[in-house]
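S.K.: can't give you the sequence, but here's the structure:
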């Protein structure tokens, strides 16, 4: 007799978003994270979890103010995918640290 194994599902993770003095920091956890960053209107940045990923325990987080620097820290484990869906105005630096996964930056007209 052959017994079926229990189905194992990979749990999606939670990313943490902090915003202070123009610095937006997006940090991942040890699980798989799927995240999209967009600018729905001038002065507002949205960080949205996709495919079950949460942002600070919710579906998304919006921050308002001048975005000077964006730091992405997803090298915590898991396979992470982060998309910046343009246009997103970043006044100074974009720094990203990823392990497995990908960072996509998509512009628009």
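M.R.: Right, received. Where do you want to start? Nothing here was measured: the structure is a model prediction, and the numbers come from that model.

S.K.: Grab the most central residue of the chain for me.
M.R.: Nearest residue to the geometric centre of the chain (CA atoms, centre = their mean): residue 35, 3.5 Å.

S.K.: Report the contact partners of that one.
M.R.: Contact analysis of residue 35 by CB atoms under 8 Å, 6 or more residues apart in numbering lists 15, 26, 28, 47-50, 53, 55, 80-83. Every residue, glycine included, has its C-beta placed from N, CA and C.

S.K.: how about 6 Å then?
M.R.: For residue 35, the contact set (CB atoms under 6 Å, 6 or more residues apart in numbering) comprises 15, 82.

S.K.: Could you do the one 5 residues further on as well?
M.R.: Residue 40 is in contact with residue 46, counting by CB under 6 Å, 6+ apart.

S.K.: Ok, residue 29 next?
M.R.: Residue 29 makes contact with 13, 14, 76, according to CB under 6 Å, 6+ apart.

S.K.: Skip the chain neighbours and tell me the closest residue to residue 101.
M.R.: residue 80 (3.8 Å; CB to CB, 6 or more residues apart in numbering).

S.K.: The one you found reaches residue 74, doesn't it?
M.R.: Yes - with contact defined as CB atoms under 6 Å, residue 80 counts as touching residue 74 (4.1 Å).

S.K.: what's the overlap in contacts for those two?
M.R.: Residues touching both residue 80 and residue 74 (CB under 6 Å, 6+ apart): residue 28.

S.K.: Pull up the gap between the closest residue to residue 49 other than its chain neighbours and residue 76, please.
M.R.: Closest residue in space to residue 49, ignoring its immediate chain neighbours: residue 55 at 4.7 Å, by CB to CB, 6+ apart. Distance from residue 55 to residue 76, counting by CB to CB, to the nearest Å: 15 Å.

S.K.: cool, and residue 27?
M.R.: 7 Å.

S.K.: List the contacts of the residue nearest to residue 101.
M.R.: Taking CB under 6 Å, 6+ apart, one finds 28, 33, 74, 101 in contact with residue 80.

S.K.: same thing but at 7 Å, please
M.R.: Applying CB atoms under 7 Å, 6 or more residues apart in numbering to residue 80 gives the contacts 28, 32, 33, 74, 98, 101.
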